[in-house]
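>>> 3D, please:
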Amino acid sequence: MCTWAIRLQCKIIKTNKKMKSKKLKVILGVILLVVITVVIILLAGSKKNATFTTATISEGIIESTVMATGYIQPVEEVEVGTQVSGVIEKIYVDYNYHVKKGQLLAKLETSTLSEKVNQAKASLKASQSELDYARQNFERVKKLYESKASTQVAYEEAVNRFNQAETALTNTKAALNQAEVDLSYAYIYSPIDGVILNRAVNTGQTVASSFSTPTLFTIAKDLTKMQVEANIDEADIGQVRVGQQVSFTVDSYPDDTFAGTVSQIRLQAVVTSNVVTYTVIVDAPNPGEKLFPGMTANITIAVASEKGLVVPVEAINFNVDKELSENLDIKNNSTSEGRDVWVKSGNNIERRSIKTGLGDGIYFIVKSGLSIGDEVVLSVTFDKKQSEKSSKSIMPEPPKGMGPNGPARVH
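Numbers count the residues shown, from 1 in each chain. Sure thing, here's the model as predicted:
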């Protein structure tokens with residue numbers, strides 16, 4: 001009896017051990033399942049929504065330009081001066097006067113100059129009388145000399161006196177002519193049709209022409225045709241050609257854009273503080289005479305242009321980083337030797353290799369690789385997904401027969 005009871009108890013103990021081993025395996029399996037589930041959910045929750053900023057490919061024209069600053073000036077400008085010294089007696093014009101060629105601008109006092117003319121005329125008259133007397137004496141002595149009634153010395157003296165009288169008359173004629181010219185210089189006339197830009201003298205002012213011709217007026221020939229004189233950096237001058245189109249603005253009319261054409265590229269370098277530039281002349285029509293001499297012009301020279309599909313520089317600079325690759329499961333590898341862009345395709349993006357042409361720093365011409373309407377990626381932002389499940393919902397309930405402290409004991 002005791003033996004049977006002992007055997008039964010041993011059997012029960014063995015059965016309990018087997019059940020505990022089996023339940024332990026179940027518990028370990030459940031725990032592993034829970035861990036895997038939690039990891040999957042956490043990984044899924046760590047992914048982020050990608051929002052792309054894109055641009056649509058379209059046609060356009062790109063220009064390569066050279067920019068510089070210059071000054072507006074008349075095409076033809078004349079400085080009017082005087083060749084004689086004197087006092088300004090009368091001024092007939094002022095700033096901005098429109099004048100005609102030959103129009104009287106100013107007059108110097110003429111009393112001194114007129115006196116010189118009168119003196120020259122008197123000298124001329126005396127010289128003429130002296131010449132007449134010398135001629136008569138020469139003819140008389142010549143006849144006597146030919147008839148052997150006069151000596152060789154007397155004849156030669158008569159010849160010399162006659163020649164001297166002729167020379168004196170020539171000199172007095174020249175002096176009279178110069179005096180009359182100087183008198184005419186007292187009247188200042190306009191050499192061209194134009195506009196008075198500057199008046200440098202006033203009535204009563206003394207002007208002296210001893211060393212250089214003093215400037216009295218500055219006249220612009222035609223203000224409906226202006227030119228811009230600009231200095232182009234040596235790094236850019238190689239791109240500039242005669243005939244290229246130019247646009248420019250001036251501070252006086254910030255909303256207006258004026259047009260012009262490159263007419264001259266001067267070969268003489270201008271060196272300022274070790275900076276080398278070259279002077280470029282731009283012809284600019286000015287029909288409304290809005291442009292004034294001396295205005296500052298900000299010019300833009302179109303040195304090249306190309307038409308075609310255009311792509312923003314941001315699209316070429318955009319790169320797929322590790323974070324974006326992991327979120328969208330895309331490979332960031334490129335075998336292209338050219339440039340790459342990323343094109344939106346549904347909820348994902350794909351790489352395109354492109355060939356580009358002319359660029360202006362903002363856009364590039366696309367020669368191949370893209371079509372009108374393609375959406376190229378410029379940038380991306382991320383919004384992290386928020387899991388709607390609580391921490392409790394992540395943990396599955398334990399199987400029946402298992403409490404929070406492990407398997408139930410069998411008694």
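
>>> report all helices and strands that the strand ranked longest in the chain contacts.
Assignment by DSSP state E gives strand 253-272 as the longest strand of the chain. Applying 3 or more C-beta pairs under 8 Å, 6 or more residues apart in numbering; DSSP states H and E, one finds that strand 253-272 makes contact with strand 225-233, strand 245-250, strand 275-285, strand 296-312. No exception for glycine: its C-beta is placed from N, CA and C like everyone else's.

>>> what mean pLDDT does it have?
Computed over strand 253-272, the mean pLDDT rounds to 96.

>>> what's the angle between it and strand 245-250?
Orientation of strand 253-272 against strand 245-250 (axes from the mean of the first three to the mean of the last three C-alpha atoms, to 10 degrees) gives an angle of 110 degrees.

>>> quick one, strand 253-272 and strand 275-285 angle?
Using the same axes, to 10 degrees, strand 253-272 lies at 140 degrees relative to strand 275-285.

>>> which residues sit against strand 253-272?
Residues lying outside strand 253-272 but in contact with it, judged by C-beta atoms under 8 Å, 6 or more residues apart in numbering, are 227-228, 231, 234, 237, 240-250, 276-285, 290-291, 297, 299, 301.

>>> what strands line up against that strand, and which way round?
Each strand that pairs with strand 253-272, with its direction, by DSSP bridges: strand 245-250 (antiparallel), strand 275-285 (antiparallel).

>>> hmm, who's touching the last one?
Among residues not part of strand 275-285, those counted as contacts by C-beta under 8 Å, 6+ apart are 68, 70, 72, 75, 224-234, 237, 240, 246, 248, 258-270, 291, 299, 301.

>>> can you give me the buried ones in it?
The neighbour-count check on strand 275-285 (16 or more other C-beta atoms under 10 Å) flags 277-284 as buried.

>>> residue boundaries of the helices in the stretch 301-411 of the chain?
Counting by DSSP state H, counting those that start in this stretch, one finds helices in the stretch 301-411 of the chain at the ranges 313-317, 322-328, 391-394.

>>> skip the chain neighbours and tell me the closest residue to the residue minimising distance to the centre of the chain.
In the chain, the centroid-proximal residue (C-alpha atoms, centre = their mean) is residue 67; its distance is 1.2 Å. When the adjacent residues along the chain are set aside, residue 67 lies closest to residue 300, with 5.3 Å between them (C-beta to C-beta, 6 or more residues apart in numbering).

>>> same question, residue 369
Closest residue in space to residue 369, ignoring its immediate chain neighbours: residue 354 at 3.2 Å, by C-beta to C-beta, 6+ apart.

>>> check contacts around that neighbour.
Applying C-beta under 8 Å, 6+ apart to residue 354 gives the contacts 311, 338-341, 366-370.

>>> what do you get for residue 72?
So, once contact is read as C-beta under 8 Å, 6+ apart, residue 72 ends up touching 226-228, 250, 284, 291-297.

>>> which one of those has the most neighbours?
residue 228 (28 neighbours; other C-beta atoms under 10 Å).

>>> tell me who's in contact with that residue.
With contacts defined as C-beta under 8 Å, 6+ apart, the neighbours of residue 228 are 70-73, 246, 248, 260, 281-282, 284, 297, 299.
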